[in-house]
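Asker: show me the folded form of this:
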Amino acid sequence: MINYKELIKNFTEEDFALKRVNMHIHTNFSDGEGDFASLVEQAEIKGYKYIAITDHNTMNGYRECQSANKPILIPGVEFDVWCGTVFLHLLAYGVDKDCPELQKFFARNKRETEVDIIRLFNNRNLKDLIAAIHKAGGIAVWAHPACCWCISIERFAKKLMKLGLDGIESYYPYPRFRRFLKFHRAGTAKKAAEKLNLIKTGGTDCHKTVLH
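Answerer: Okay, the predicted model is just below:
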């Protein structure tokens, strides 16, 4: 059995910069445009070592697609969740999609995976969600923190760590609308992760039919 936590801990900034690893990709199982199998095939052709499909609030792609069993894939999902008055996205990596404790956090229908306003109004309990991710054998990573409205990334990360946070998405290009909605410098997340000894991950947040 693969120890995903140790695998991910050993990824380097160079792995993300040189497109050897991409851990933030969406498909048409949530709000992306690309086909699951096609994006996996593109990653293989482009020479990626590992990718993670991280659809919003669902792992149905991993249930329904034969390509989900390919060794290039790290199981992943991106949850919408609140921490007090702060809305954030929480990436889960290396999770067992069939873990009973994780089931209640998945979307009940397609709209809960793709419609922003519906995804915003969710009642996931952050502490219970992180506990379920760990129960499912995975790690919990704070996604694109620079666009999360909090006064200090470091202080907020410390708060999340008390709930079990494992990592911070540190190598992230802030594409699409997030390039205009950042509340912090992108590099601040990396500095916080290093200072707090959190796992650093990265990805392109691809929502298109062509992997980039």
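Asker: quick one: the helices in the chain?
Answerer: In the chain, the segments counted as helices under DSSP state H are 4-9, 13-17, 36-46, 60-64, 100-103, 111-114, 116-120, 126-135, 153-162, 186-195.
Asker: return the per-residue confidence for residue 150.
Answerer: pLDDT, residue 150: 89.
Asker: for the nearest residue to it once chain neighbours are set aside, give me its contacts.
Answerer: The shortest distance from residue 150 to any non-neighbouring residue, by Cβ to Cβ, 6 or more residues apart in numbering, is to residue 156 (4.0 Å). In this view, the C-beta of every residue, glycine as well, is placed from N, C-alpha and C. Counting by Cβ atoms under 8 Å, 6 or more residues apart in numbering, residue 156 touches 83, 86, 145, 148, 150.
Asker: quick one: the third one from residue 4, how far?
Answerer: The gap separating residue 145 from residue 4 is 21 Å, by Cβ to Cβ, to the nearest Å.
Asker: who has more neighbours, these two?
Answerer: Remark: of residue 145 and residue 4, residue 145 carries more neighbours, 28 against 19, as counted by other Cβ atoms under 10 Å.
Asker: so that one sits against residue 160, correct?
Answerer: No. In this structure, residue 145 is not within contact of residue 160 by Cβ atoms under 8 Å, at 9.5 Å.
Asker: buried stuff in stretch 53-70?
Answerer: Under the neighbour-count criterion of 16 or more other Cβ atoms under 10 Å, stretch 53-70 has 53-62, 65, 67-68 buried.
Asker: hang on, isn't residue 41 packed against residue 65?
Answerer: No. If you go by Cβ under 8 Å, residue 41 and residue 65 don't touch, sitting 11.0 Å apart.
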